[in-house]
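Participant: Pasting the sequence and the predicted coordinates here, then a few questions.
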Amino acid sequence: MNIDDLKKAISKAISGTVLIEDIHIEYPADMSHGDFSTNIALVLAKEQHTNPHDLAISIADHITAQNIEYIESVEVVGLGFINFRLTPEYFHNALLDAVEKKNEYGKNTLYSDKKIIVEFTDPNPFKEFHIGHLMSNTIGESLSRLFEYGGAEVKRVTYQGDVGMHVAMAVWALQKNNVMPENVATDVLGQMYALGAKAYESDDGVKKEIEDINRKIYEKSDDVITTLYEEGKRVSLEAFEDMYKRLGTSFDTNFFESQTAPLGKDLVIEWSKKGLFEESEGAYVFKGEDHGLHTRVFINSKGLPTYEAKELALPQLKHEWYDYTDSFVITGNEVNDYFKVLLFVLSKIDPSLASKTTHLGHGMMRLPEGKMSSRTGSVITAHDLLNDIQERVLEKMEEKDASIADEVAIAAIKYAVLKQGIGKNIIFDFDTALSFEGDSGPYIQYTAVRAGSILQKTSLKPSLESIEEIGTLERLISRFPSVVEIALKERAPHKITHFITEVASAFNSYYATNQIQDNPYRLLLAHSVYTVLTNGLSILGMKTPARM
């Protein structure tokens, strides 16, 4: 018995007058009201101009007559809501499933026919991996894991700007400061980019020099510049890989602007002949106002492809690499309008690829000090932020274990990001994120470790012996697979964060008033809680520490 089974029973009771996907089922906020609830009678009564309470009674009677396994009772309340109560056996089976299936509990086959490519993080070589990239990585990794929980085959990729003016600015500053290739390091690159960006904006002579370097990087026509460029790119990518490993992400491949630039330029020139772009003073422009959008330049007056042209070619390269059914692009929401233009243009060039592509814009992360800026050199790096949080965790730990402290630090920041809806901005608060008293990653980890330690300290086997009355924990454990389905369908990791916080809170309350170690049934509950919390943390990209 799950939500879909119940929808089918309701559909049968109303003679299929409503599409199954349009039947709304929810969990009552107050568990004493039942285990499932539907407003279908209210919806139909409005359409049929009949009494909703009478209609609800008729529907409830028809469902009761079906003698559906695990439904203990059906009752009508209020104006016409129908509440369902399930049998104890239903909840006992859920506990056994959680214990037996372990890390498979909660998985489904909704997306078993999907081949999904998820592009996220996208740090640019020659620039720092900052907290904006950390936010994109957190969301992209969690969505990837949700898709995998739904049975999809998922490929994780990045798209990185390894050519362009930001690279030229950094290389110009490297030359001006006599930085040799062997002395290029990630912190040096960040400093050089900031210096180059400042000089570019304040000195017309420097601007021409940097533009010349940009051209030479594309052409690979200057050995000294090419050597600095290649070394800077190598150092950057190695540092990014270290950060990915720390965060628990493994990308299947990287795409680069140097790959997309030639193809993008050719596409724009080709489609300008078909009227999609206009040529103006050597530049190629898409007049977005004609389509309710805004105008974007795809090739500049110097004949170089812009970000727009490069990104226009990316879906084709992705599809050649991996024959996907769906492609998701995760970025900050400051480029939402940019992507509207890009996907509209793509729909004219390749409607199939455009229809498979979804852009998800996330909010911004700020610390209390305010917004960061890599142009001014005041960028807040992910490395610095994570190390700061790790140090705060170590201060709280009795046993100073840097590895566990890092797992807790990563959970603290990931949870802070994921507990919000994807499009919302967040201000990261250290005290809240590191709290062990609820609504934080460390709180969930601590509760999971507590449940796991109980199981390690007893020789008793969890079982259905000494069964107790069904309570909050049993009901929550049974809901986990459905919560995963909802989070998957709505692409909403925050549904998982809210749910496992509720589970953790319920378990800690139970633990405070019940002796667990010497009771097989209570051990079964603890084991089920451990499964749900560790699986939930895993979906969110967090680890369950060995101890805390």
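Facilitator: Yep, that arrived.

Participant: who's in contact with the nearest residue to Gly421 once chain neighbours are set aside?
Facilitator: Among residues not flanking Gly421 along the chain, His494 sits closest, at 5.7 Å (Cβ to Cβ, 6 or more residues apart in numbering). In short, each C-beta sits where N, CA and C put it, glycine included. Applying Cβ atoms under 8 Å, 6 or more residues apart in numbering to His494 gives the contacts Leu418, Lys419, Gln420, Gly421, Ile422.

Participant: pretty sure the second one is touching Ile496, no?
Facilitator: No: Lys419 lies out of contact with Ile496 (Cβ atoms under 8 Å); the separation is 9.5 Å.

Participant: Give me the more crowded residue out of these two.
Facilitator: Between Lys419 and Ile496, Ile496 has the larger neighbour count (other Cβ atoms under 10 Å), namely 28 against 21.

Participant: Show me how far the one helix or strand the more buried one maps to is from its chain's centre.
Facilitator: Here Ile496, judged by DSSP states H and E, is contained in helix 494-513. When distances are taken as Cα atoms, centre = their mean, to the nearest Å, helix 494-513 is centred 22 Å away from the chain's centroid.

Participant: and it, which residues are buried?
Facilitator: 494-497, 499-501, 503-508, 510-511 (16 or more other Cβ atoms under 10 Å).

Participant: looking at the protein, which helix or strand is least sure?
Facilitator: When each helix and strand of the chain is scored by mean pLDDT, DSSP states H and E, strand 365-366 comes last, with a mean of 86.

Participant: Quick one: neighbours of Asn514, just the number.
Facilitator: The number of residues packed near Asn514 is 12, by other Cβ under 10 Å.

Participant: what sits against it?
Facilitator: Arg522.

Participant: mind checking how far Leu367 is from Lys233?
Facilitator: Separation of Leu367 from Lys233 (Cβ to Cβ, to the nearest Å): 29 Å.

Participant: one step back: could you tell me which strands sit next to the least confident helix or strand of the chain in the sheet, and their orientation?
Facilitator: strand 426-427 (parallel) (DSSP bridges).

Participant: Show the average pLDDT along the partner strand.
Facilitator: Across strand 426-427, pLDDT averages out at 90.

Participant: next helix or strand past it?
Facilitator: Of the helices and strands lying after strand 426-427 in sequence (DSSP H and E), the nearest is helix 430-433.

Participant: Tell me which of Leu367 and Lys233 has more neighbours.
Facilitator: Lys233 (20 against 15).

Participant: Now do the strands in the stretch 251-400 of the chain.
Facilitator: With DSSP state E, counting those that start in this stretch as the criterion, the stretch 251-400 of the chain has strands at 253-256, 278-280, 283-286, 296-299, 326-332, 357-362, 365-366.

Participant: I would like the residues contacting the shortest one, please.
Facilitator: Right, strand 365-366. Ile131, Gly132, Leu134, Met135, Met372, Val417, Asn425, Ile426, Ile427, Phe428.

Participant: run the last query once more with 7 Å
Facilitator: Ile131, Gly132, Met135, Val417, Ile426, Ile427, Phe428 (Cβ atoms under 7 Å, 6 or more residues apart in numbering).

Participant: what do you get for the fourth one?
Facilitator: Outside of strand 296-299, the residues that reach it under the criterion Cβ under 7 Å, 6+ apart are 265, 268, 277, 283-286, 288, 305-306, 308-309, 341.

Participant: quick one, what contacts Leu464?
Facilitator: Counted by Cβ under 7 Å, 6+ apart, Leu464 has contacts His92, Tyr521, Leu524.

Participant: any idea how far Glu270 is from it?
Facilitator: For Leu464, the distance to Glu270 (Cβ to Cβ) stands at 68 Å.

Participant: What of Ser280?
Facilitator: 18 Å.

Participant: swap in Ser538?
Facilitator: 46 Å.

Participant: And for the residue lying closest to Glu485 once chain neighbours are set aside, the neighbour number?
Facilitator: Here the nearest residue to Glu485 in space, its sequence neighbours aside, is Asn108; by Cβ to Cβ, 6+ apart that works out to 5.8 Å. Asn108 sits with 15 neighbouring residues when counted by other Cβ under 10 Å.

Participant: Looks to me like Asn108 is in a strand.
Facilitator: No: membership of Asn108 in a strand is not supported by DSSP: H, G, I helix; E, B strand; the rest coil, which gives coil.

Participant: quick one: it and Gly150 touch, right?
Facilitator: Yes: the pair Asn108 / Gly150 is scored as a contact, 5.7 Å apart, by Cβ atoms under 7 Å.

Participant: can you list the domains in this structure?
Facilitator: Segmentation of the chain into domains, based on automatic domain parsing, reads 3-86, 91-105+403-539, 120-366.

Participant: right, and those - which one's nearest Leu394?
Facilitator: Among the domains of the chain, domain 91-105+403-539 comes nearest to Leu394, with 4.7 Å by Cβ to Cβ.
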